[in-house]
Every structure is written in structure tokens, then in C-alpha cells.
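Novice: Please work out how this folds:
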Amino acid sequence: MNTLGLYGLTVLIWGSSWLAIHFQIGVVAPEVSIIYRFVLASVVLVGWCTIRGISLRIDIRHHFYLAMMGFCLFLPELHSFLSRGIPAGHWLAGRYLFDDHGHEHF
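Specialist: Below you'll find the predicted structure:
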């Protein structure tokens, strides 16, 4: 797949993630929703790599840098979770879907 196709796929997936978030808020706890999404993404990733024959092994020298990258990506989520009680992604989706007066945008 070329770069434009991969970009389009990314925009399609991320652009539609608000829909899943919208239907999950209030039905299940935000923590459970996050687990569902990460498990599904992990299964799809491992399946894709298995089908394509792509190794998921990481050289030991890269573990520290990957751990630091994960920590830096996770830190804003942790801060949001501790300060508001919900993950930042759900909070942002909620802010987008509803204005200050509680009216839906769609």
C-alpha cells in the first residue's frame, strides 16, 4: 500500500473513532472501553503481522527508548485521568459532540 493509501486508512480509522467512543460512553466504564479497544487493536496487529510474516521481535537495545516513548505518550492520559476521572480521548470526544449547553452537534 502506498503512502497516500496508508494516510487515508489512518484518517478513516481515527476519523471514525468518535463513533465508537460516543456509543460506549455511559454504557461501560471508560476503563473497560479502553481495554476493549486495546485488545482489539492488539489482536488485529498481531494477526496482520502473522499473515504478512512480519516479526514483532524488538532488539534489547531499543527497549529503553520505546519505554520512554510509551511513558511520554501515556503521561498526558494519566494526568487527564487523575485530574478529571476520565481518559483524555473520551473527554475530547465528549467536548466535540456536545457544546457547553449540552446540545448535540449531530
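Novice: give me phi/psi at residue 54?
Specialist: In terms of degrees, to the nearest 10, the main-chain angles of residue 54 are phi -90, psi 130.
Novice: measure it to residue 47 for me?
Specialist: Distance of residue 54 to residue 47, computed by CB to CB, to the nearest Å: 11 Å. Quick note: C-beta positions are derived from backbone N, CA and C, even for glycine.
Novice: again, but for residue 58
Specialist: Taking CB to CB, one finds residue 58 at 19 Å from residue 47.
Novice: And the nearest residue to residue 28 once chain neighbours are set aside, which helix or strand is it part of?
Specialist: The shortest distance from residue 28 to any non-neighbouring residue, by CB to CB, 6 or more residues apart in numbering, is to residue 36 (7.6 Å). Assessed by DSSP states H and E, residue 36 sits inside helix 30-52.
Novice: Any idea how far the helix or strand following that helix is from the middle of the chain?
Specialist: Next along the chain after helix 30-52, taking DSSP H and E as the criterion, comes helix 63-84. Relative to its parent chain, helix 63-84 has a centroid offset of 13 Å by CA atoms, centre = their mean, to the nearest Å.
Novice: same deal with stretch 2-13?
Specialist: 16 Å.
Novice: and what of stretch 14-30?
Specialist: How far stretch 14-30 lies from its chain's middle: 11 Å, per CA atoms, centre = their mean.
Novice: now do stretch 24-35
Specialist: 13 Å.
Novice: Report the buried residues of it.
Specialist: For stretch 24-35, the neighbour count (16 or more other CB atoms under 10 Å) marks 24, 25, 30, 33, 34 as buried.
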